[in-house]
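A.B. asks: Generate a structure from the sequence data that follows.
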Amino acid sequence: MIIRKCVLFSIALMLAIGFSGCKKSDTAGSGTSDSSSGAAGASGDSGGDAQVSGLALEAQNAVMADLAKHWSQGPDGWTTALVGGSAYAPEHYLRQAKDLVVASVNADDLSEADKLNGVQWSGSVMLKPLTMREVGDPAMVAEGMSNPSAERQKGKWSVWVEYQTQSVNAQKVNGQWQISDGGTLRAGTIPTPDDFANAGIQ
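C.D. replies: Below you'll find the predicted structure:
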């Protein structure tokens, strides 16, 4: 009887030690220490819920600098000239966002092959949903993907809507940043006076 109690005590002691030693932290690193969430305007000012640093901050700044090649900042927000529709029936219009604000910067895990190929950072930058409006050739605002749905027309800006854009991919390879994807965020051009005239506004 005494031997049986000793055995049971030993088993209980081993289980207690095992459980205390096998607990894994939920915050253990995953090899993406540059993955961060934060917010920053297209002007490069930081703010929001968190700050990004290191290569993640470089990625954010590289993406925002690239977007500044497609959007022009004015008193009412950021405006880009887009062409939708088809090659046979193109739709020319302007899209205006109240602001361009980063929501998160997400790093990929780099493989050994990536590192040998000179990849120093790879990931994506996601913007907060745009508060935006459009004017130009008649169609649905944001290809019908906005909230609420709205129609675009010439000569008058549509109502303001919310629209979640695609993320923009970024890679730093051998010291140089490469920006890709992003959907309509990077599809437009800096508007010219002709673009505004074609849309029917000044």
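
A.B. asks: Which parts of this protein are helices?
C.D. replies: 2-21, 54-67, 112-116, 193-199 (DSSP state H).

A.B. asks: and residue 72, how many residues sit next to it?
C.D. replies: 17 (other Cβ atoms under 10 Å). For the C-beta atoms, the positions are set from N, CA and C on the backbone; glycine is no exception.

A.B. asks: pretty sure it contacts residue 95?
C.D. replies: No. Shown here, residue 72 and residue 95 do not form a contact pair, counting by Cβ atoms under 8 Å, at 11.3 Å.

A.B. asks: Find the residues that touch each one of those two.
C.D. replies: When contacts are counted by Cβ atoms under 8 Å, 6 or more residues apart in numbering, residue 72 and residue 95 are jointly contacted by 79-80.

A.B. asks: Leaving out chain neighbours, which residue sits closest to residue 124?
C.D. replies: Counting by Cβ to Cβ, 6 or more residues apart in numbering, residue 167 is the residue found nearest to residue 124 once chain neighbours are left out, at 4.1 Å.

A.B. asks: Look up the pLDDT of that neighbour for me, please.
C.D. replies: With respect to pLDDT, residue 167 has a value of 97.

A.B. asks: Can you tell me how far it is from residue 81?
C.D. replies: Between residue 167 and residue 81 the computed distance is 22 Å (Cβ to Cβ, to the nearest Å).

A.B. asks: try residue 147
C.D. replies: Separation of residue 147 from residue 81 (Cβ to Cβ): 23 Å.

A.B. asks: who touches the residue nearest the centre of the chain in this structure?
C.D. replies: Taking Cα atoms, centre = their mean as the criterion, residue 126 is the residue nearest the geometric centre of the chain, at 1.0 Å. Counting by Cβ under 8 Å, 6+ apart, residue 126 touches 102-106, 167-168.

A.B. asks: Considering these, which possesses the most neighbours?
C.D. replies: Neighbours here mean other Cβ under 10 Å. Within the contacts of residue 126, the largest count is held by residue 105, at 28 neighbours.

A.B. asks: mind checking pLDDT for that residue?
C.D. replies: Turning to residue 105, the model gives it a pLDDT of 97.
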